[in-house]
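Asks: this is a predicted model, with the sequence first.
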Amino acid sequence: MPNLALRRRALSGLLLAVLLGATAFVSGCPKPSSTTVKPGAYCSPEGATGETSSGSPMRCIARPGEDRPRWRSP
């Protein structure tokens, strides 16, 4: 039975290392990048979101009578 106890200890240590490693990996992931856009520029697809270089939120919107959507402040 000592062999079984040794296996359990090794598996417990491995499991702990995997869990701690996975937690460190997930918490260290960069946040998804945001699309930098220029207000008034044509955009696609309609409804897409982005932000200006100064951090203002923008949405790809087509107003009535326009053929193509443009980046606008929501």
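Replies: Noted; the coordinates are in hand. None of these values were measured; they are calculated from a predicted model.
Asks: just checking: what are the partner strands of whichever strand in the chain runs longest?
Replies: When every strand of the chain is counted residue by residue (DSSP state E), the longest turns out to be strand 57-61. The pairing partners recorded for strand 57-61 under DSSP bridges are strand 49-51 (antiparallel), strand 70-72 (antiparallel).
Asks: quick one: residues in contact with the last one.
Replies: The reference is to strand 70-72. Contact with strand 70-72 is made by 37-43, 50, 58-62, as judged by Cβ atoms under 8 Å, 6 or more residues apart in numbering. (C-beta placed from N, C-alpha, C; glycine too.)
Asks: buried stuff in it?
Replies: Applying a neighbour-count criterion of 16 or more other Cβ atoms under 10 Å, one finds 70, 71 buried in strand 70-72.
Asks: circling back: residues in contact with the longest strand of the chain?
Replies: By Cβ under 8 Å, 6+ apart, strand 57-61 touches 37, 39, 43-52, 69-74.
Asks: equivalent analysis for stretch 37-51, please.
Replies: For stretch 37-51, contacts defined as Cβ under 8 Å, 6+ apart pick out 34-36, 52, 56-62, 68-73.
Asks: and the end-to-end length of that stretch?
Replies: Taking Cα to Cα, to the nearest Å, stretch 37-51 runs 6 Å from one end to the other.
Asks: what average pLDDT does it get?
Replies: Mean pLDDT, stretch 37-51: 97.
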